[in-house]
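*Asks:* The following comprises the amino acid sequence and a computationally predicted model.
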Amino acid sequence: AASPDLPPNYALDPSQPEGLAVVSLTLSGMPMNQVASFEYRIREIPPRDENTVITKPHFSSATQHARWVGKDSGSQLVHRNLTIKGPNSQEPLDIVLDGKPSGRLAALRLPEGDYEFHAWKLNERTSYGELEYAPKQGFSYRFSIKPGETTYLGRLNLYLGQRNVQQTAVEDRQTEDMNLLGNKYPALRTARVTTSVGKL
């Protein structure tokens with residue numbers, strides 16, 4: 001959360017093993033100015049293959065553990081927290097609805113693979129501190145990343161209503177979102193975009 005999504009002059013390099021996921025994330029039902037922090041959780045989905053094995057390292061020293069982290073961490077499944085709003089976030093709330101900030105456009109660099117949004121967490125400011133919200137039941141919004149490609153995932157909106165009712169929905173706002181991406185990262189204006197707006 002302490003660093004921006006991409007460097008200002010970021011451009012996709014086809015020779016690199018990463019791709020770019022573009023998604024806009026918004027909140028409705030609760031004013032964003034009441035929110036102290038808001039984030040989604042993303043994880044890599046392992047290949048469905050019954051012939052694969054499960055591995056678990058055992059270390060006999062801290063040095064062995066440090067060597068393993070330095071050498072093999074790239075082979076571990078990716079888990080990311082995607083911050084929409086937070087005390088250390090450098091990304092602006094750049095999506096405005098009805099004259100009020102309601103979310104932001106995110107651009108994620110990810111290695112090739114299959115991923116899913118599977119949880120969210122929101123902290124609301126209250127007179128006695130903060131109140132944390134999270135879904136009672138997990139969900140899945142899946143997407144795939146290919147190296148050297150930009151993939152547009154749509155607009156993911158979280159609605160928080162009365163009596164702690166929540167609803168998450170996906171919309172295709174590609175024209176609006178890609179214009180915003182081009183304004184933030186001019187080098188990506190001409191990037192070829194694959195649209196992958198799915199269903200929860």
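*Replies:* Now that the structure is in, tell me what you want to look at. Residues are numbered from 1 along each chain as shown.

*Asks:* okay but Ser3 is in contact with Ser89, surely?
*Replies:* No: contact criterion CB atoms under 8 Å: Ser3 and Ser89 do not qualify, at 9.3 Å. Yep, even glycine has a C-beta here, placed from its N, CA and C like the rest.

*Asks:* More neighbours: the two, which one.
*Replies:* Ser89 (18 against 10; other CB atoms under 10 Å).

*Asks:* Okay, and the more buried one sits in which element?
*Replies:* Here Ser89 sits in a region with no helix or strand, counting by DSSP states H and E.

*Asks:* That one contacts Thr83, correct?
*Replies:* Yes: using CB under 8 Å, Ser89 makes contact with Thr83 at a distance of 4.9 Å.

*Asks:* And the pLDDT at Ser73?
*Replies:* We have a pLDDT of 50 for Ser73.

*Asks:* same deal with Ser127?
*Replies:* So, for Ser127, pLDDT stands at 92.

*Asks:* Also the one 5 residues further on?
*Replies:* Turning to Glu132, the model gives it a pLDDT of 95.

*Asks:* same question, the one 5 residues further on
*Replies:* pLDDT recorded at Gln137 is 87.

*Asks:* What of Lys56?
*Replies:* 76.

*Asks:* what about it, how many neighbours?
*Replies:* 4.

*Asks:* Same check on Tyr152?
*Replies:* Tyr152: 22 neighbours (other CB under 10 Å).

*Asks:* and it, what element?
*Replies:* Counting by DSSP H and E, Tyr152 is part of strand 150-160.

*Asks:* Buried residues, the next helix or strand after that strand. List them.
*Replies:* The helix or strand immediately downstream of strand 150-160 is strand 166-171, counting by DSSP H and E. Buried residues in strand 166-171, counted by 16 or more other CB atoms under 10 Å: Val170.

*Asks:* Repeat that for stretch 95-115.
*Replies:* Result for stretch 95-115 [16+ other CB under 10 Å]: buried residues 95, 101-108, 110, 113, 115.
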